[in-house]
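A.B. asks: model this:
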Amino acid sequence: MNRMKKLAVAVLAAAAVSGCANTPAADRAQSEAAPAAEKRVLKALPSYGSLGGYRYRRFASAASS
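C.D. replies: Here you go, the predicted model:
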């Protein structure tokens, strides 16, 4: 069992060092660079849709105010 724990720790350490658990810096910089005026939000529309006998709420993308 001790050998299995060592193997698990080694695999987790390799994953952490390889960068698979981190967000790339380019994506982070791009998301922080967006001005507040261009933020988009979802707003509920006054109508409902239906599919297979179920009603669902419709949403539209709008500029935040």
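A.B. asks: contacts and neighbour counts: CA atoms only from here.
C.D. replies: Noted.
A.B. asks: which secondary element of this protein has the worst mean pLDDT?
C.D. replies: None of the helices or strands of the chain scores lower by mean pLDDT, DSSP states H and E than helix 25-32, at a mean of 56.
A.B. asks: how about the strands in this protein?
C.D. replies: Assignment of strands within the chain using DSSP state E yields the ranges 40-51, 54-63.
A.B. asks: Quick one: closest of those strands to residue 4.
C.D. replies: Closest to residue 4 of these is strand 40-51 (Cα to Cα; 47.0 Å).
A.B. asks: got the angle for that closest one vs strand 54-63?
C.D. replies: Strand 40-51 and strand 54-63 are oriented at 160 degrees to each other (axes from the mean of the first three to the mean of the last three Cα atoms, to 10 degrees).
A.B. asks: Please export the C-alpha coordinates of strand 40-51 as PDB.
C.D. replies: The C-alpha trace of strand 40-51 is given here as PDB (Å, rounded to 0.1, in the frame of the first residue of the first chain):
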ATOM      1  CA  ARG A  40     -22.300  40.700 -21.800                       C
ATOM      2  CA  VAL A  41     -24.900  39.100 -19.500                       C
ATOM      3  CA  LEU A  42     -27.800  36.700 -20.000                       C
ATOM      4  CA  LYS A  43     -31.300  38.300 -19.500                       C
ATOM      5  CA  ALA A  44     -34.500  36.300 -19.500                       C
ATOM      6  CA  LEU A  45     -36.900  37.000 -22.300                       C
ATOM      7  CA  PRO A  46     -40.700  37.400 -21.600                       C
ATOM      8  CA  SER A  47     -41.500  34.200 -23.700                       C
ATOM      9  CA  TYR A  48     -41.100  30.500 -23.000                       C
ATOM     10  CA  GLY A  49     -40.200  27.700 -25.400                       C
ATOM     11  CA  SER A  50     -41.300  24.100 -25.400                       C
ATOM     12  CA  LEU A  51     -39.700  20.900 -26.400                       C
END
